[in-house]
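> Sequence and predicted structure below; questions after.
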Amino acid sequence: RLKTGCGCGCQNAGMHGLIQPNAASPLLPPTIKALGWTSFLTDLSSEAIYPLLPTFLLRELGGSTLFIGLIDGLATALAAVVRLPAGALSDRFGRRRLVLFGYGLSAVIRPLMGLVATPFEALLVRASDRIGKGIRGAPRDALVTDLVQPAIRGRAFGHIRALDHAGAALGPVVAMLFLFFFPGEERRLFLLTILPGFLTLAVLYRLVHDPAPRLPPPARVSVPVRLCRQQSLLLWSVGIWALGASSEQFLLLRVADLGVPLVLIPLVWLGMSLAKSGAALAAGRLADHWHPRRALATGWLVFAAAYGGLAVCTQTMTAVAMVMLVGVAYGMIEPAERSLVALLSPAGHHGGAFGWYTLVQGLLALPAGLLTGWLWQQGPHGVTWALAITAVLSTVACLSLTRPLVATGLRPGSDQVAIRERNPAHEPPV
């Protein structure tokens, strides 16, 4: 048997093996299903506001397009900053209370957008909402890791991401229907988002609980500074990809430039969200069947192909098809990323590991948006370059992630690769 691993205690199957699901895959625990519905309700309320926010800021509050960009960038950056300490705190004090606090903060703050009178107040509400997202993100993903067996982690993450995107698809539809019957009543709609927010908290309070601890918690709260080689490689690869994965609003701009009428743009957004949801549900099982590294690399290649197609296409329907393919790629990537983070993190430190992962993604969202936005302003050639750079960066990320495997001369999924699913010395079975 080949020696595998990097000696850090991570359950990484040497990054060269497969996770073999049990012949009879166990059912998802009720807590996982509850977390899926909390994601659904949260994204339903959030996405009922988000598409309307730019127009609301410009028309109602007298803001500028520059301030719109500042709100999104600053909110994303603040959410990224709190993710790492939130993950480390969850390793010491438990996941549930931070998950509950993060969702609770967003549920209470988000409806206040209906009461703001100035752009600065809108910035405070949006930033606080995103800070809540940052607080709950890493502890929630670590809780999923704690609750399920490694053989079904991809399915668990895929279930949550699928319901998350389903809520994101339904939110704009609810907003459109509301404004159809109550035109110009955006403020009332924002205030009513408190209803799914409180329902989210009820589900969390009644159905989501920490599992019995399998290891004693760390003696003190500490942010993991030293990462093992495989964790560093994953973060490096995720960072390369995230630098090209700018705001999806640019995808809507692309299809609008190629002839999609403005009135149909929300349907494109709806279609992409549904593509994400369906792909996440299927890709979670794929990440369990393959090694999640292989599933992630495949998702990044599909992402690169979609953006490459958008860079060169000139036909409206082709552009729409490529945007749907981007949605499929996101659905493939998200469960695989989280499964791989869980696989590589030492037992008892899943929160800190997810904190690093979400921190890297969040911090790179701002330069990614600025780079794409600047290129977009350079005219048609700039748009092509922006999309092509995203395709190239995604391909480079895939190569970076799989380079150690290629260096061994082994094929992903080969029977020759060493398999080390578990290390009982580091993590008892679930």
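Now that the structure is in, tell me what you want to look at.
> got the contact list for the residue nearest to the spatial centre of the chain?
Compute the mean C-alpha point of the chain, and by C-alpha atoms, centre = their mean the closest residue is residue 334, 5.8 Å away. Shown in contact with residue 334 (C-beta atoms under 8 Å, 6 or more residues apart in numbering): 157-158, 161, 276, 280, 283. Any C-beta I mention is one placed from the backbone N, CA and C, and that applies to glycine too.
> nearest to residue 315, of the residues you listed?
Proximity of the contacts of residue 334 to residue 315 (C-beta to C-beta) peaks at residue 276, which lies at 23.2 Å.
> To what extent is residue 305 buried, counted in neighbours?
17 (other C-beta atoms under 10 Å).
> looking at it, it is touching residue 325, isn't it?
Yes: counting by C-beta atoms under 8 Å, residue 325 is a contact partner of residue 305 at 7.1 Å.
> Check the residue nearest to the centre of the chain and give its pLDDT.
According to the prediction, residue 334 has pLDDT 87.
> Distance check, it against residue 165.
According to C-beta to C-beta, to the nearest Å, residue 334 and residue 165 sit 9 Å apart.
> Now do the shared contacts for those two.
Residues touching both residue 334 and residue 165 by C-beta under 8 Å, 6+ apart: 276, 280.
> returning to that earlier point: are we agreed that the residue nearest to the centre of the chain is in a helix?
Yes: assigned with DSSP: H, G, I helix; E, B strand; the rest coil, residue 334 falls within a helix.
> ok, residue 341 - contacts?
Residues counted as contacts of residue 341 (C-beta under 8 Å, 6+ apart) are 141, 234, 353-354, 357.
> Check residue 169 too.
Counting by C-beta under 8 Å, 6+ apart, residue 169 touches 47, 270, 273-274, 277.
> Among the contacts of residue 341, which ones are in helices?
Using DSSP state H, the members of the contacts of residue 341 that fall in helices are 141, 234, 353-354, 357.
> so which one among the contacts of residue 341 has the lowest pLDDT?
Among those, residue 353 has the weakest pLDDT, 77.
> got a list of what the nearest residue to that residue once chain neighbours are set aside touches?
Leaving out its chain neighbours, the residue that sits closest to residue 353 by C-beta to C-beta, 6 or more residues apart in numbering is residue 345, at 3.3 Å. Residue 345 makes contact with 10, 145, 231, 352-354, according to C-beta under 8 Å, 6+ apart.
> Report the buried members of those.
Among those, those scoring as buried are 10, 145, 231, 352-354 (criterion: 16 or more other C-beta atoms under 10 Å).
> Columns distance to residue 77 on top of these, output as TSV?
Formatted as TSV, these follow (distance: C-beta to C-beta, whole Å):
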residue	distance to residue 77
10	29
145	26
231	23
352	20
353	21
354	18
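> Let me know the distance separating residue 203 from residue 192.
Separation of residue 203 from residue 192 (C-beta to C-beta) stands at 18 Å.
> List the residue ranges of the stretch 301-430 of the chain that fall below the pLDDT cut-off.
Scanning the stretch 301-430 of the chain for pLDDT under 70 picks out the ranges 348, 404-430.
> ok, which stretches of it are helices?
316-344, 350-376, 380-408 (DSSP state H, counting those that start in this stretch).
> Show me which residues of the helix or strand where residue 272 lies are buried.
For residue 272, the host element (DSSP states H and E) is helix 265-289. For helix 265-289, the neighbour count (16+ other C-beta under 10 Å) marks 268-270, 272-281, 283-289 as buried.
> sorry, back to before: what is the most widely separated pair among the contacts of residue 341?
Across the contacts of residue 341, the two lying at the largest distance from each other (C-beta to C-beta) are 141 and 234, at 14.0 Å.
> Can you give me every residue that contacts the closest residue to residue 250 other than its chain neighbours?
Counting by C-beta to C-beta, 6+ apart, residue 372 is the residue found nearest to residue 250 once chain neighbours are left out, at 5.6 Å. Residues near residue 372 by C-beta under 8 Å, 6+ apart: 246-247, 250, 386, 390.
> Following element in sequence after the stretch of helix or strand residue 71 belongs to, please.
Under the criterion of DSSP H and E, residue 71 resides in helix 65-93. Counting by DSSP H and E, the element after helix 65-93 in chain order, helix or strand, is helix 96-109.
> any idea of the angle that next one forms with helix 350-376?
Taking axes from the mean of the first three to the mean of the last three C-alpha atoms, to 10 degrees, one finds helix 96-109 and helix 350-376 inclined to each other by 40 degrees.
> what angle separates helix 96-109 from helix 65-93?
Using the same axes, to 10 degrees: helix 96-109 against helix 65-93 is 150 degrees.
> Could I get the CA-only coordinates of helix 96-109 as PDB?
Provided in PDB are the C-alpha atoms of helix 96-109 (Å, rounded to 0.1, in the frame of the first residue of the first chain):
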ATOM      1  CA  ARG A  96     -25.100  26.300  16.000                       C
ATOM      2  CA  ARG A  97     -24.900  29.600  17.900                       C
ATOM      3  CA  LEU A  98     -22.900  31.300  15.200                       C
ATOM      4  CA  VAL A  99     -25.100  30.000  12.500                       C
ATOM      5  CA  LEU A 100     -28.100  31.200  14.400                       C
ATOM      6  CA  PHE A 101     -26.600  34.600  15.100                       C
ATOM      7  CA  GLY A 102     -25.500  35.100  11.400                       C
ATOM      8  CA  TYR A 103     -28.900  34.200  10.000                       C
ATOM      9  CA  GLY A 104     -30.600  36.200  12.800                       C
ATOM     10  CA  LEU A 105     -28.500  39.400  12.000                       C
ATOM     11  CA  SER A 106     -29.500  39.200   8.300                       C
ATOM     12  CA  ALA A 107     -33.100  38.400   9.000                       C
ATOM     13  CA  VAL A 108     -33.500  41.500  11.300                       C
ATOM     14  CA  ILE A 109     -31.300  43.900   9.300                       C
END
